[in-house]
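1. fold the following and give me the result.
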Amino acid sequence: MLFSLAFFHAIILERRKFGAIGWNIPYDWMNSDFDTSNLQVKQYVDGQPVIPYRALNVIIAEINYGGRVTDDKDMRLIKALLESYMNSEIMVGLYNFSPSGQYHSPNELDLAKVREMIQGMPLEDDPEVFGLHQNANITCQ
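-> Down below sits the predicted model:
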């Protein structure tokens with residue numbers, strides 16, 4: 001869950017480089033948004049017999065991060081993005097964050113293995129990881 005949250009945080013920050021294709025309005029999310037969300041995930045996971053994904057999605061997407069979002073289309077997007085990263089399927093095993101499978105959840109939870117997996121990710125971000133078409137690179141450049 002922590003990896004998914006961190007991946008979500010990175011995605012929404014990096015979508016800004018695509019200008020209006022990434023977000024209709026550029027938002028200034030902060031590490032405090034991530035830290036607050038991380039604490040809430042821990043609290044809900046530790047305190048509930050079943051992980052309340054729907055509640056976590058609402059709190060994180062609409063309150064923690066969404067509190068800065070002023071455009072209704074951007075709000076729909078941030079909720080959809082988080083739902084694709086914060087769901088019950090991520091706990092089953094290898095979960096793809098992109099259609100190609102280049103970006104996925106860790107196979108093992110050992111910190112050294114997770115770091116190794118992250119190091120193996122592409123250095124150049126493919127627009128597909130952001131949910132964008134390949135032509136988005138043209139706008140970015």
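2. give the next helix or strand downstream of the lengthiest helix in the chain.
-> Looking across the chain with DSSP state H, the single longest helix is helix 31-47. Counting by DSSP states H and E, the next helix or strand C-terminal to helix 31-47 is helix 53-57.
3. what's the angle from the helix or strand just after that next one to helix 31-47?
-> Following helix 53-57 in sequence order, the next helix or strand is helix 72-85 (DSSP H and E). Taking axes from the mean of the first three to the mean of the last three CA atoms, to 10 degrees, one finds helix 72-85 and helix 31-47 inclined to each other by 40 degrees.
4. what lies in contact with helix 72-85?
-> The contact list for helix 72-85 (CB atoms under 8 Å, 6 or more residues apart in numbering) reads 4-5, 7-8, 11-12, 23-25, 27, 57, 60-62, 65-66, 69, 97, 131. C-beta: built from backbone N, CA, C; applies to glycine.
5. tell me the first helix or strand C-terminal of that helix.
-> Scanning onward from helix 72-85 (DSSP H and E), the first element met is helix 111-119.
6. can you list contacts of the helix or strand just after that following helix?
-> Sequence order places helix 136-140 as the next helix or strand after helix 111-119, per DSSP H and E. With CB under 8 Å, 6+ apart as the test, helix 136-140 has contacts from 17-19, 21-22, 127, 130.
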